[in-house]
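# Let me see the structure of the following:
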Amino acid sequence: MVKGFKDKKIKNLIADICEEHFKLCSELETYVGSNLAYLWYMYHSGTKKGDFKPFIFLAEINLLINFNYLNEKSKDNIISMLKSEDEDNNYLAAISILELRKQRIKDCNLYTKENKFYDHIKYDKDIIKLEDFHKSKID
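Now for the predicted structure:
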């Protein structure tokens, strides 16, 4: 199971995911949204900055599914690679997420409140789904 990454581009990926998901949640006008924003804040610029937890990749994977860059089978394969004890598998999963994220950003740009590509996202239902965390058993 992934403990962390040494590769600078993967560390940057983690930081970039945390920043974008923090922005996504910060603009949710719900109690759940403010709690999720605080979680992302901790990993974006708080005491957990630079730390890796698998939920970071899981949230990005779910965002990629919402934009049809991944399907459920591919998601399961990436999660299996992240759960692997083999660091090469962990790295390949991270590179897959990095490349798919780059494509999403190329096609849709990063999230902003004004970016209409993201209007369909229901963050607490589409991106952070408790059943995913129970099913995937990654922590």
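# Averaged pLDDT, the strand or helix carrying residue 24. What do you get?
Using DSSP states H and E, residue 24 sits in helix 8-26. pLDDT averaged over helix 8-26 equals 95, rounded to a whole number.
# Spatially central residue in this protein, please.
The structure's the chain has its C-alpha centroid closest to residue 60; by CA atoms, centre = their mean the separation is 2.5 Å.
# Would you enumerate the residues in contact with that one?
Contacts of residue 60 were listed using CB atoms under 8 Å, 6 or more residues apart in numbering, and they are 17, 21, 97, 101. (Each C-beta comes from the backbone N, C-alpha and C, glycine too.)
# Do I have it right that the second one meets residue 42?
To tie it back to what came earlier, the one meant is residue 21. No - with contact defined as CB atoms under 8 Å, residue 21 does not count as touching residue 42 (11.7 Å).
# So between these two, which is more surrounded?
Set residue 21 next to residue 42 and count neighbours by other CB atoms under 10 Å: residue 21 wins out with 25 against 15.
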